[in-house]
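Undergrad: fold the following.
(2 chains)
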Amino acid sequence: AQKITQTQPGMFVQEKEAVTLDCTYDTSDQSYGLFWYKQPSSGEMIFLIYQGSYDEQNATEGRYSLNFQKARKSANLVISASQLGDSAMYFCAMREDSGAGSYQLTFGKGTKLSVIP
Amino acid sequence: GAVVSQHPSWVICKSGTSVKIECRSLDFQATTMFWYRQFPKQSLMLMATSNEGSKATYEQGVEKDKFLINHASLTLSTLTVTSAHPEDSSFYICSASGGQGLPNQPQHFGDGTRLSIL
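TA: I've put the predicted structure just below:
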């Protein structure tokens, strides 16, 4: 079973509008972290935002916010006021205790966001 | 913020050549580094976890003798693709986490290496 599910292979949004990218996860750990990364066509992975499993408030970083619904095991990324430079692949990832002392990241399949002028 | 440098960015070489990719943490000590492989339009797949001073932990299906990992210091891990063949062509990207590698610490990624084997 997939640990991270991103159901939207591609999304379009009008410039200056808000967009929500979906992410659901599956874990039996009590302590885990959820991350969103942006990957432009150039390939680098850019860290956007983090949400811890014990954090009660939704994380926010500038135009990015994470809609964390623990009971539903969802961690959707909301981008407000979309810009053309937001066009990229977006990956949701989870970090849980692998049991070997290191915390591996498991990635979803990604959502390709295209911002339309 | 934390910076991870990966070198080289592009490699094109003949089949049978061994290729070394370096991953350096520039402003923090990385006790653990991770190596990923990414095929076009697909997600990142973890290949191995590299721990400073010990042997790397490889994911199932990853050939240890094909992908040699060395993490000799707290700031450098290397991935060597031995006797590379066209099917090894891919985008390889490393990441590093410092300190205890706790769940709330993001992994910082290098810019990746595009490997093309002719």
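
Undergrad: which residues touch B:C13?
TA: B:V19, B:A84, B:S116, B:I117, B:L118 (Cβ atoms under 8 Å, 6 or more residues apart in numbering or on different chains). No exception for glycine: its C-beta is placed from N, CA and C like everyone else's.

Undergrad: tell me what the lowest-mean-pLDDT helix or strand in chain A is packed against?
TA: One helix or strand of chain A scores below all others by mean pLDDT, DSSP states H and E: strand A:103-107, with a mean of 85. Applying 3 or more Cβ pairs under 8 Å, 6 or more residues apart in numbering or on different chains; DSSP states H and E, one finds that strand A:103-107 makes contact with strand A:32-39, strand A:88-97, strand B:44-51.

Undergrad: what would these look like in JSON lines with distance to B:Q105?
TA: Shown next, in JSON lines, are these (distance: least, Cβ to Cβ, whole Å):
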{"stretch": "strand A:32-39", "distance to B:Q105": "8"}
{"stretch": "strand A:88-97", "distance to B:Q105": "9"}
{"stretch": "strand B:44-51", "distance to B:Q105": "15"}
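
Undergrad: just so I know, which of those strands lies nearest B:C94?
TA: strand B:44-51 (8.4 Å; Cβ to Cβ).

Undergrad: return the distance of the nearest residue to B:A56 once chain neighbours are set aside relative to B:Y58.
TA: The spatially closest residue to B:A56, leaving aside those adjacent along the chain, is B:I69, at 3.9 Å (Cβ to Cβ, 6 or more residues apart in numbering or on different chains). Per Cβ to Cβ, to the nearest Å, B:I69 is found 8 Å from B:Y58.

Undergrad: any common contacting residues for those two?
TA: Joint contacts of B:I69 and B:Y58 (Cβ under 8 Å, 6+ apart) are B:A48.

Undergrad: those two - which one has more neighbours?
TA: Higher neighbour count among B:I69 and B:Y58: B:I69, with 24 against 17, using other Cβ atoms under 10 Å in any protein chain shown.

Undergrad: correct me if wrong: the more buried one contacts B:V81.
TA: No - judged on Cβ atoms under 8 Å, B:I69 makes no contact with B:V81 at a distance of 10.6 Å.

Undergrad: okay, now the unreliable bits of chain A?
TA: Applying pLDDT under 70 to chain A flags the ranges A:1, A:97-102.
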